[in-house]
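Trainee: give me a 3D structure for the following:
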Amino acid sequence: MSQDSKLLGDSPQFTALLRSLQVASATDVTILLLGESGTGKEQLARFIHDNSARRNGPFVAINCAALPEQLAESELFGHRKGAFTGAVADNPGRIAAAAGGTLFLDEVAEMSAAVQSKLLRFLESGEYQRVGDSACQRAEVRIIAATHADLPARVEEGRFRQDLYYRLNVVPFQVPPLRERAGDVPLLIRQLTRQLAEHHQLEAPRYTPEALEQLERYSWPGNIRELRNLCERFLILFSGKTVDVGNLPAEIRIPGRKRWHVRLPESGLRLEELEQELLLQALEQTGGNQSRAARLLGLSRYAFIYRLKKYALL
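Mentor: Modelled structure (predicted):
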C-alpha cells in the first residue's frame, strides 16, 4: 500500500496499479493514464514522478480542458513579448518550466488540432517554438498524459490525431473507478476526514458502521473527488458529532438501481457464456465497431478489447 495519503488503498485493483506504475516509473517512457473523472489521475502522475529518477526535478501540470483554445498554445509552449495583444512580457511556457522533470497533460483529448500538431513535433524531436519566436527551443521533459475520453473513438471521429495517439499510448494504464476498489471507501473516508479536519481546524465527525457500509455500497459516479466533497460537507455540518445512515444524502441512502427483466433459468447458467453473448451482440449491433460496441456495454474500449481477448473472440 502506498504511504502517500492521496493514494491510499488496499484493494487488489489499486495496489496492482501502483506496483505497475512503480515499474514504469523507473524508465522515461511516455505514460497514458485512462479513467473516469475524479479517480485521482494527477496524484498518480505525481506518484510516477516521485518514484522516478526525475524526482528532484519539477513536476508541472496543465489541464488542457481548462485553457481557452487561443491561450493553450502560449501556455504550453510559451510566447515572446508582443507576440499578441496582452503579451506584455516573455512567457517561457509549461514545457520549459518542466525541463529536467515531468510534464503532466491532464484531459489531453481536449487539445485543439493546432496544439496537437505542435505537441507531436515536440514528442518526436524535443523541439518546440514559442508563439512569436522564429527560433526553436529544446527541452528534455518526460510526458505523462491523462484523459477520461475514449481516445480511439476520438481518432475514428477525426477529433484526435492518430499519430499523436500512438506517441502518447506507449504504456497505458487504466485507473479503476472508486466503485471497483472494494474496501477502499472506509479507508479513504477516515484519511480524507483527518486531513480536512486538520486543514479547517475542526473536530472530525465519527461514522457509524452502518453509515460506512451504506457509503461503501454507493456507486460514486464522481469517484474520489465526490467522496472528498462529501467528507468536507460532513466535517462542516457534523464536526465532533456522529454521522449515521439517516444523515446521508438521499442518493446514497436510497440508491437507484436499474432492474433488467431477465429471469435466471431454474437450471442456472454460466455467467461467462452470458458475457460472451453480450460482447458478440454489441459487435453485431455496431457492425464490428469496437468503440461503439464498448459504449453500448458501458465499458472503455480497452476493457472491451480485454474481454474479447479473454474469451478468444478477437
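Trainee: residue 142 is in contact with residue 28, correct?
Mentor: Yes: between residue 28 and residue 142 there is a contact at 5.3 Å, judged by Cβ atoms under 8 Å. All C-beta spots, glycine's among them, are computed from the backbone N, C-alpha and C.
Trainee: between the two, who's got more neighbours?
Mentor: residue 142 (23 against 15; other Cβ atoms under 10 Å).
Trainee: re the thing from before, between residue 28 and residue 142, what contacts are shared?
Mentor: 52, 54 (Cβ atoms under 8 Å, 6 or more residues apart in numbering).
Trainee: mind listing what the residue nearest to residue 57 when sequence neighbours are not counted touches?
Mentor: Leaving aside its sequence neighbours, residue 57 sits nearest to residue 101 (Cβ to Cβ, 6 or more residues apart in numbering; 3.0 Å). Neighbour list for residue 101: 49, 54, 57-60, 141-142 [criterion: Cβ under 8 Å, 6+ apart].
Trainee: got a quick PyMOL command for the buried subset of these?
Mentor: Buried residues within the contacts of residue 101, by 16 or more other Cβ atoms under 10 Å, are selected in PyMOL with:
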select buried, resi 49+54+57+59+60+141+142
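Trainee: got any ranges where this protein has weak pLDDT?
Mentor: Applying pLDDT under 70 to the chain flags residues 1-7, 83, 88, 255-263.
Trainee: what's the longest helix seen in it packed up against?
Mentor: Longest helix in the chain by number of residues (criterion: DSSP state H): helix 184-200. For helix 184-200, the packing partners by 3 or more Cβ pairs under 8 Å, 6 or more residues apart in numbering; DSSP states H and E come out as helix 209-217, helix 223-237.
Trainee: the helices in the protein, which residues?
Mentor: Ranges of helices within the chain are 12-25, 41-50, 69-77, 93-97, 113-125, 151-156, 162-168, 184-200, 209-217, 223-237, 250-253, 271-285, 290-296, 301-310, based on DSSP H.
Trainee: buried set for the fifth one?
Mentor: The one in question is helix 113-125. Residues 115-116, 118-120, 122-123 are the ones in helix 113-125 that count as buried (16+ other Cβ under 10 Å).
Trainee: just those now: which is nearest residue 310?
Mentor: Nearest to residue 310 among the buried residues of helix 113-125 is residue 123, at 31.9 Å by Cβ to Cβ.
Trainee: so the closest one touches residue 143, yeah?
Mentor: Yes: in this structure residue 123 lies within contact range of residue 143 using Cβ under 8 Å: 6.6 Å.
Trainee: deepest-packed of the helices and strands packed on helix 184-200, please.
Mentor: Of the helices and strands packed on helix 184-200, the one with the most neighbours on average (mean count of other Cβ atoms under 10 Å) is helix 223-237, at a mean of 18.
Trainee: how far off helix 184-200 does that helix point, in degrees?
Mentor: 50 degrees (axes from the mean of the first three to the mean of the last three Cα atoms, to 10 degrees).
Trainee: for helix 223-237, give me every contacting residue.
Mentor: Here helix 223-237 has contacts from 36-40, 177-178, 185, 188-189, 192-193, 196-197, 200, 202, 204-205, 220, 222, 243, 247, 249, using Cβ under 8 Å, 6+ apart.
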